[in-house]
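*Asks:* requesting a structural model of the entry that follows:
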Amino acid sequence: PEKCDSTLGELVQKMEEGIIKSNVLNARHFSIAISSWANSNHPNAADRAEKIFELMKSLKKSSVQPTEFIFSGLISVHANSGLPSAVDRAIELFQLMQSEGIQPNVVTYSTLLDAFSKSKQPD
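*Replies:* This next block holds a predicted model:
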């Protein structure tokens with residue numbers, strides 16, 4: 001996942017410097033980087049994925065907009081994190097995506113269910 005981070009950072013930097021057009025960078029690049037953290041067992045995976053999400057949101061002036069795949073990846077990274085706050089953050093992300101007009105897909109619902117199943121919270 002760290003190579004994904006550095007490659008994405010390089011791509012963003014080239015876009016900001018005008019070396020590549022802003023429309024070359026898209027949500028798929030961010031989704032891949034977030035998913036790489038979700039699939040890792042890195043102890044800081046949730047924080048790293050959230051930083052990628054923040055970077056993407058800071059680039060809203062470009063053509064990069066969040067998608068259901070990005071939110072599913074973020075929910076997944078929290079589900080896999082084992083952190084006490086994981087399920088709460090997964091719910092927040094699910095609600096945020098809907099408030100932004102992004103419809104959850106079957107993967108999003110499955111990932112949210114996974115977060116609930118891994119939660120140690122009774123409700």
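*Asks:* for this protein, which segments count as helices?
*Replies:* 2-16, 27-38, 45-58, 68-79, 86-99, 106-118 (DSSP state H).
*Asks:* and those helices as TSV, adding mean neighbour count and mean pLDDT?
*Replies:* C-beta: built from backbone N, CA, C; applies to glycine. Putting those into TSV (neighbours: other C-beta atoms under 10 Å; pLDDT from 0 to 100) gives the following:
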stretch	mean neighbour count	mean pLDDT
helix 2-16	14	91
helix 27-38	22	94
helix 45-58	18	93
helix 68-79	26	96
helix 86-99	17	96
helix 106-118	16	94
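*Asks:* quick one: contacts for the most centrally placed residue in the chain?
*Replies:* Nearest to the mean C-alpha position of the chain, by C-alpha atoms, centre = their mean, lies Leu74 at 3.7 Å. Neighbour list for Leu74: Ile34, Ala38, Ala49, Glu50, Phe53, Leu93 [criterion: C-beta atoms under 8 Å, 6 or more residues apart in numbering].
*Asks:* now it: how far from Ser40?
*Replies:* According to C-beta to C-beta, to the nearest Å, Leu74 stands 14 Å off from Ser40.
*Asks:* with Thr7 instead?
*Replies:* In terms of C-beta to C-beta, Thr7 sits 15 Å off from Ser40.
*Asks:* what's the answer for Leu55, then?
*Replies:* From Leu55 over to Ser40 (counting by C-beta to C-beta), the distance is 18 Å.
*Asks:* same thing with Tyr109?
*Replies:* When distance is defined by C-beta to C-beta, Tyr109 is 23 Å away from Ser40.
*Asks:* same check on Gln121?
*Replies:* From Gln121 to Ser40 the distance is 24 Å (C-beta to C-beta).
*Asks:* cool, Gly101 as well?
*Replies:* In terms of C-beta to C-beta, Gly101 sits 30 Å off from Ser40.
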